[in-house]
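Asks: Pasting the sequence and the predicted coordinates here, then a few questions.
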Amino acid sequence: MSTDELYQAMAQSVIEGEPEQAARLAQQGLAAGLEPLTMIEEGFGAGVEVVGDLFAQGEYFLPDLVIGAKAMQEALAVLGSELRRRQETRRTYGKVVIGTVQGDIHEIGKNLVVTLLSVNGFEVFDLGVDVLDETFIAEVKETDADILGMSALLTTTMPAQGRVIQALEEAGIRNEVKVIVGGAPVTQSWADEIGADGYSEDAVGAVALAKRLLGVG
Ligand code: B1M
């Protein structure tokens, strides 16, 4: 199989919702010397985009989204452990508290951000999904975090990012932590509007942003 065919098969495994096949292809890609991040973007991630589009067009239904997501997660489990195995740096640039906001259970993108921050020298406290506003605030205080990251995948849950920033203000700790936001519907102008310190469109950019905000790396 050529590299392009392999990427296509990876995308297809997500579109058709085949978790075992996705994991197998991730292994095959590693054995062929492909980069984990390129496989995520050009292979499996391309498949997720198609699944999302088919869902939006009414051709796919919720179970198709669920099984497509499962396939993507199986691939990420393989590629994430390879990224961690390759981890070069053991230094800690800073502490990041991160989660998907209240009412939102999308975790794939957030997990990718978590993995890349961890392998790039950040200590990450992952609160998971559907995180209450007050849980973010409590964890920032508890860990004395340098950065708070919030992911939102739904237009209806994006406002939670702004609410949490407001709550940081009210708790008197807004200046003690940098806030970064992301997720498919989130934009730079939304980040500006809610007073976040930074926005990144993808996980690689989130690492660069975190380093820039802390002046490290
Ligand atoms: Co949902 N879903 N979903 N879904 N889902 C979307 C987001 C949607 C766009 C699909 C569509 O209609 N085309 C649509 C949202 C519409 C909108 O609000 N505008 C949608 C909907 C409507 C829903 C439900 C409401 C469906 C329903 O029940 N009727 C429901 C909501 C549930 C809830 O959260 N309360 C729902 C449920 C689900 C599943 C559970 C089935 C599943 C998630 C499974 C899981 O995560 N465990 C799911 C999936 C898989 C998707 C799509 C297809 C894929 C999302 C994904 O994982 N992408 C999605 C369509 C799409 O996005 N094209 C869709 C891959 C991932 C790598 O990308 O998360 O964007 P992403 O992350 C990127 C960047 O955004 C960025 O970096 C990542 C990678 O580089 N990033 C950050 C993310 N977080 C960041 C944080 C940062 C920085 C960067 O700093 C902190």
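Replies: Happy to help now that I have it.
Asks: Residue 150: neighbouring residues, count only.
Replies: Neighbourhood size, residue 150 [other CB atoms under 10 Å]: 31. For glycine as for every other residue, the C-beta is placed from the backbone atoms N, C-alpha and C.
Asks: Name the SS class of it, please.
Replies: Recorded secondary structure, residue 150: strand (DSSP: H, G, I helix; E, B strand; the rest coil).
Asks: Please tell me I have it right and it contacts residue 160.
Replies: Yes: here residue 150 reaches residue 160: they are 7.4 Å apart, a contact under CB atoms under 8 Å.
Asks: list residues touching both of those two?
Replies: Overlap of the contact sets of residue 150 and residue 160 (by CB atoms under 8 Å, 6 or more residues apart in numbering) consists of residue 101.
Asks: Residue 67 is in contact with residue 19, correct?
Replies: Yes: with contact defined as CB under 8 Å, residue 19 and residue 67 form a contacting pair (7.4 Å).
Asks: For the two, list the residues in contact with both.
Replies: In terms of CB under 8 Å, 6+ apart, residue 19 and residue 67 are not both contacted by any residue.
Asks: For residue 174, see how far away the closest residue to residue 150 other than its chain neighbours is.
Replies: Once flanking residues are discounted, residue 150 sits nearest to residue 161: 4.8 Å by CB to CB, 6 or more residues apart in numbering. From residue 161 across to residue 174, the span is 14 Å (CB to CB, to the nearest Å).
Asks: just residue 102 next, same as before
Replies: Computed with CB to CB, the distance linking residue 102 and residue 174 is 19 Å.
Asks: higher neighbour count, these two?
Replies: Each of residue 102 and residue 174 has its neighbours counted (other CB under 10 Å); residue 102 has more, 20 against 15.
Asks: Contact partners for the more buried one?
Replies: 130, 131, 132, 133, 157, 160 are the contacts of residue 102 under CB under 8 Å, 6+ apart.
Asks: Hmm, the fourth one is touching residue 159, no?
Replies: Just to be clear, that refers to residue 133. No: applying CB under 8 Å as the test, residue 133 and residue 159 come out as separate, 10.5 Å apart.
Asks: who has more neighbours, the two?
Replies: Neighbour count, other CB under 10 Å: between residue 133 and residue 159, residue 133 has more, with 18 against 15.
Asks: now for the helix ranked longest in the chain, which elements pack on it?
Replies: Ranked by residue count and defined by DSSP state H, the top helix of the chain is helix 62-85. Counting contacts by 3 or more CB pairs under 8 Å, 6 or more residues apart in numbering; DSSP states H and E, helix 62-85 packs against helix 3-15, helix 19-31, helix 36-38, helix 45-56, helix 108-119.
Asks: in that helix, what counts as buried?
Replies: 64-65, 67-69, 71-76, 78-80, 82-83 (16 or more other CB atoms under 10 Å).
Asks: repeat for stretch 194-212
Replies: For stretch 194-212, a neighbour-count test (16+ other CB under 10 Å) marks 194, 196-200, 202-207, 209-211 as buried.
Asks: Where does confidence bottom out across the residues you listed?
Replies: Minimum pLDDT for the buried residues of stretch 194-212 is recorded at residue 204 (91).
Asks: From residue 108, how far off is that one?
Replies: 15 Å.
Asks: same question, residue 184
Replies: Residue 184 is 11 Å from residue 108, by CB to CB.
Asks: could you say what helices and strands the longest strand along the chain packs with?
Replies: Assignment by DSSP state E gives strand 94-100 as the longest strand of the chain. Under the contact criterion of 3+ CB pairs under 8 Å, 6+ apart, strand 94-100 touches helix 108-119, strand 122-126, helix 133-143, strand 147-151, helix 203-214.
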